[in-house]
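Colleague: the sequence and its predicted three-dimensional model are supplied below.
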Protein chains: 2
Amino acid sequence: MARGISEVGDIWSFLIIREAMFGVRQYSKFLQNTNMARNVLTERLNALVSRGVMAKIDVGEHGTRYEYELTEKGRDLLPVIVAVRQWADKWVEPEDRAIVELTDSQRGKPLARLLVRDQRGRALDIEDITVRFPTGGR
Amino acid sequence: MARGISEVGDIWSFLIIREAMFGVRQYSKFLQNTNMARNVLTERLNALVSRGVMAKIDVGEHGTRYEYELTEKGRDLLPVIVAVRQWADKWVEPEDRAIVELTDSQRGKPLARLLVRDQRGRALDIEDITVRFPTGGR
DNA sequence: TTATCAAGTTGCTTAAAGCAACTGAATCTG
DNA sequence: CAGATTCAGTTGCTTTAAGCAACTTGATAA
């Protein structure tokens, strides 16, 4: 899990992925929407590409040279993004965050709250969860 | 959302929260399990406490002076932790991560995969989600 | 055919992380 | 009950990363 978060891990990579998830594809757009430093953006994009989270695509037309898109590995981060969003919606002061809403495209309604469930679909809280060490104790 | 991730945001805070979520309460145990630098641990614990994610509790007995525990705000990060875990289980090389498993305490079976759903319970993919800006476009 | 834009790179400054050694009160041990 | 050990930090120094502005380069656009 530590490796998981460190592959995505810092705020900048996370923001790149969030932007990518909701349509941003170009270097300059990532810059605008996140206002991170250019060298950091370059470095993070390269890292994400080299880890297979994003792909760099050559588009030889119309003033734009490259685009970046999420791979399946990257798109699989959707639950992470949504989980953080929902937590922030609940706990971060409204004045400290953008007021945007994720809705399902068909009906336009907000997404359901993400819940951790067992295999029969029952919602679980922390106390209901046990950590197993298959190979032996820590 | 950016504020959300930056309240938890860096790898160290995240690891503290993960450890706390699964039973760690003392400074020295956080140190052992995460091997972060002491000053960083101190600083992150203070920050988490000041943001209301964790609480510092005075325990005047048995060699231990303080304990740290998650508040409700902190416990509410469970879906984030589980989402990252499940992503790492799927995408990070096994040799690069600890082999631990989260199970439901009652039946001992692994948790269900977290899915993003609409309000009727249908699973959604990125293409099925729209970002709404209630106050006007970006 | 000059100007502009996208996508970087480079170099420098400031901030944060990493590490080891030190502190000081509480607690255990013989 | 004196000495050693543990817990929870601080402090100071070194190394690494972030932030910022200016420069570069190739591809359009006017």
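Modeller: Yep, that arrived. Numbering: from 1, shown residues only, chains lettered A, B, ... in the order given.
Colleague: can you show me the strands along chain A?
Modeller: Per DSSP state E, chain A carries strands over the ranges A:54-61, A:64-70, A:101-104, A:129-132.
Colleague: who does the second one pair up with?
Modeller: Neighbouring strands of strand A:64-70 in its sheet, by DSSP bridges, are strand A:54-61 (antiparallel).
Colleague: now do the partner strand: distance to the chain's middle.
Modeller: Here the centre of strand A:54-61 is set off from its chain's centre by 21 Å, with CA atoms, centre = their mean, to the nearest Å.
Colleague: pick the most deeply packed of the strands of chain A.
Modeller: Most buried of the strands of chain A, by mean neighbour count (mean count of other CB atoms under 10 Å in any protein chain shown): strand A:101-104, with a mean of 18. Every residue, glycine included, has its C-beta placed from N, CA and C.
Colleague: which outside residues touch that one?
Modeller: The contact list for strand A:101-104, computed with CB atoms under 8 Å, 6 or more residues apart in numbering or on different chains, reads A:82, A:85, A:109-111, B:118-119, B:122, B:124, B:128-134.
Colleague: for the closest residue to A:V80 other than its chain neighbours, what are its contacts?
Modeller: Closest residue in space to A:V80, ignoring its immediate chain neighbours: B:A83 at 4.4 Å, by CB to CB, 6 or more residues apart in numbering or on different chains. Counting by CB under 8 Å, 6+ apart, B:A83 touches A:P79, A:V80, A:V82, A:A83, A:L114, B:L114.
Colleague: ok, those residues vs A:K73, which is closest?
Modeller: Nearest to A:K73 among these, counting by CB to CB, is A:V80 at 11.9 Å.
Colleague: any idea how many residues pack against that closest one?
Modeller: Per other CB atoms under 10 Å in any protein chain shown, the neighbour tally for A:V80 reads 27.
Colleague: now do the one 10 residues further on
Modeller: Residues within reach of A:K90, counting by other CB under 10 Å, total 12.
Colleague: which residue, other than its chain neighbours, is closest to it?
Modeller: Nearest non-adjacent residue to A:K90, counting by CB to CB, 6+ apart: B:D76, 6.6 Å away.
Colleague: that neighbour contacts A:D89, doesn't it?
Modeller: No - at 10.9 Å, B:D76 does not count as touching A:D89 under the criterion of CB atoms under 8 Å.
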